[in-house]
Structures are given as C-alpha cells and as structure tokens.
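Asks: missing the sequence, but the structure's below:
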C-alpha cells in the first residue's frame, strides 16, 4: 500500500516531509496491535505488506532487512480517540525516527546512533539538522498535550482479535520495561 501523504498525526501536518515523527501518547503505550494480535495474524499482515511493497521501505525505498511493519494512527484530539488507519512497511531507520522518543532512550543506553537517525531524516526530507530539531521539538509538544488524556482506540476490523484483559497485562509489562530502560538512560547521563 503506498504511503498516503494526506495522513498525518504530526505537528508538521501539511508540510512536504515524507518521514515524520509520530509519538504515541503515554496513556496508550504498548497498546499497539503488535502487542495485542496473535503472532500468526501479525505475521500474516506483515507478509502481505512485504509482497505488495516489493520488500521496500514505503518511505525511503530501502530494501535493507529487517523491514518492520508500522501502525498508522489518526488522533481525534477533541474526543481522544486513536484510530488505526492501516500499516506501512518501514526500514529500521525510518521506523526508529517515527518513534524517536524510544530511539532517544535506546541511544542513551548505547543501542542506537541518534546522529545517524537525524542524518537519515534530513536526507529523506531534504532538510537541515535545524529542521529536524524543530520537528522533534514540535512532536514532543504535541505528545505532552496528548499524554494528558486517556485515549480510546478504534482498531477497526482487528478489534475481534483483541483480548482487552490481556492488553492490560501487556501494557503493565511494557511500562515496567520502559521504566527499566529509562533508569539505564538516567544512569548513563
């Protein structure tokens, strides 16, 4: 499925950026379909996207493996509904940039080269490092505001596969993992 350029959940909506940062509000961390769906269903969705995209990143065109399946969400900031729009296949760099907050935590722990990600963003968008830094700042501003609210999720056709009780356990486990990763980040700085 080609990237829908009218889709945007980011602070630079309406710009010509191909690669944007999409920070998920804290209150819905770990409630992604990746965490909720049975593995065989997730693998089937991913395989379908690999076949339809020609095994290339839908943003930068890279065929470097592993290619990762990214969930595209739309946010209704008045009703606080997070709606699943679909999926796109991304290379590791594009996917890390879309979730730059997590990439920053991993960079602090030595697992990701943040400057390499910034360079990739600038190359894909044909912009400067200052443009990247502004984009990050704006994305975090939106994230802070969205994280103040409890969000409902509209999973569309995938709702039938989700066990909401299991989801609460996944989210709790995810929060604990993130808390440990952050502890590592703060110890190293």
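Replies: Noted; the coordinates are in hand. Owing to the predicted nature of the structure, the values given are computational and were not obtained by experimental measurement.

Asks: and the helices in this protein?
Replies: Applying DSSP state H to the chain gives helices spanning 33-36, 39-53, 92-98, 100-108, 114-125, 129-146, 164-188.

Asks: rebuild the ones you listed as a markdown table, extending it with mean pLDDT.
Replies: As requested, the helices of the chain are arranged in a markdown table below (pLDDT from 0 to 100):
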| stretch | mean pLDDT |
| --- | --- |
| helix 33-36 | 84 |
| helix 39-53 | 90 |
| helix 92-98 | 95 |
| helix 100-108 | 88 |
| helix 114-125 | 96 |
| helix 129-146 | 96 |
| helix 164-188 | 46 |
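
Asks: deepest in the core, which of those is it.
Replies: Stretch with highest mean neighbour count among the helices of the chain: helix 92-98 (a mean of 23; mean count of other Cβ atoms under 10 Å). Glycine gets a C-beta too; all of them are placed from N, C-alpha and C.

Asks: packing partners for it?
Replies: strand 68-76, helix 100-108, helix 114-125 (3 or more Cβ pairs under 8 Å, 6 or more residues apart in numbering; DSSP states H and E).

Asks: what's the closest of those to residue 160?
Replies: Checking the helices and strands packed on helix 92-98 against residue 160 by Cβ to Cβ gives strand 68-76 as the closest, at 16.8 Å.

Asks: and the closest one, which strands flank it?
Replies: strand 81-90 (antiparallel) (DSSP bridges).

Asks: sorry, back to before: could you export the helices of the chain as CSV, including distance to residue 21?
Replies: Formatted as CSV, those follow (distance: least, Cβ to Cβ, whole Å):
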stretch, distance to residue 21
helix 33-36, 18
helix 39-53, 21
helix 92-98, 6
helix 100-108, 5
helix 114-125, 8
helix 129-146, 4
helix 164-188, 18
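
Asks: no further queries at this time; thank you.
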